[in-house]
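> Using only what follows, build the 3D model:
(chains A and B)
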Amino acid sequence: GDSVTQMEGPVTLSEEAFLTINCTYTATGYPSLFWYVQYPGEGLQLLLKATKADDKGSNKGFEATYRKETTSFHLEKGSVQVSDSAVYFCALSDGNTDKLIFGTGTRLQVFP
Amino acid sequence: EPEVTQTPSHQVTQMGQEVILRCVPISNHLYFYWYRQILGQKVEFLVSFYNNEISEKSEIFDDQFSVERPDGSNFTLKIRSTKLEDSAMYFCASSGEGTDTQYFGPGTRLTVL
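Prediction:
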């Protein structure tokens, strides 16, 4: 079945460092891909999405490009802030079913 | 900005008791979902609901679980006889027509003692 694999955390960075969180997927169809963020004590917030190959989703300085050839949707940010500390979830929706399939989440910790 | 709301934020119950978790989806959305997240684990799909019926459910969503849209605004998840392993954060989500983007509520933390 469809699945999402994320890099294990925690990822620990200093403020203004470059961030990459890897995400790869397995899907039989043509899924939409998402990044959700969960700040401490809060629910899931949609960060960005991409619906087809080569699309780039972006929001709040974060970017991710839908790479069909490598089945990847890596999350990047050029300069992280302490306020970016959260758990980041990669997810897919294959369009044939209603459900989102999530990765295990990657905890990001940014220190001043 | 419209948002999904959930009540209560935290529910503590005794094993074997019934609980009802409540959600108010975004008002013009037509598709509704429940997910759960056991502490430290991934977010798992439970059920989706459209046009007053379940459209898909996972293996987790057994006979102890049910969902209902009792009126035009609420969407509820009932667990008939709670077990210790039902302790988790339960998230409600909704999406609109023609989009696969789901918007999540803040979650209800269920603790079964």
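
> Give me the most central residue, chain B.
Central residue of chain B (C-alpha atoms, centre = their mean): residue B:34, 3.3 Å from the mean position.

> For that one, give the beta-bridge partners.
residue B:47, residue B:92 (DSSP bridges).

> Run through the residues that contact it.
B:21, B:23, B:46, B:47, B:67, B:77, B:90, B:91, B:92, B:93 (C-beta atoms under 8 Å, 6 or more residues apart in numbering or on different chains). (Each C-beta comes from the backbone N, C-alpha and C, glycine too.)

> hmm, 10 Å instead?
B:21, B:23, B:44-49, B:57-58, B:60-61, B:65, B:67, B:75-77, B:90-93, B:105 (C-beta atoms under 10 Å, 6 or more residues apart in numbering or on different chains).

> quick one: contacts for residue 10?
Let's take chain A. A:85, A:87, A:106, A:107, A:108, A:109.

> oops, chain B please
Neighbours of residue B:10 in contact, by C-beta under 10 Å, 6+ apart: B:89, B:107, B:108, B:109, B:110, B:111.

> which residues does it form a beta bridge with?
Beta-bridge partners, per DSSP bridges, of residue B:10: residue B:109.

> Leaving out chain neighbours, which residue sits closest to residue A:15?
residue A:112 (5.3 Å; C-beta to C-beta, 6 or more residues apart in numbering or on different chains).

> Narrow the contacts of residue B:10 to just the buried residues.
B:89, B:107, B:108, B:109, B:110 (16 or more other C-beta atoms under 10 Å in any protein chain shown).

> Look at residue 7 and report its pLDDT.
Reading this off chain A. On pLDDT, residue A:7 comes in at 87.

> My question was about chain B, not that one.
Per-residue pLDDT puts residue B:7 at 95.

> Tell me who's in contact with it.
Applying C-beta under 10 Å, 6+ apart, the residues contacting residue B:7 are B:20, B:21, B:22, B:23, B:24, B:74, B:105, B:106, B:108.

> Find the pair from the residues you listed with maximum spatial separation.
Greatest spacing in these, by C-beta to C-beta: B:20 and B:106 (17.2 Å).

> which of those two has more neighbours?
More crowded of residue B:20 and residue B:106, by other C-beta atoms under 10 Å in any protein chain shown: residue B:106, with 19 against 12.

> what's the more buried one in contact with, if anything?
With contact taken as C-beta under 10 Å, 6+ apart, residue B:106 is in contact with A:41-45, B:3-7, B:9, B:89, B:91-92.
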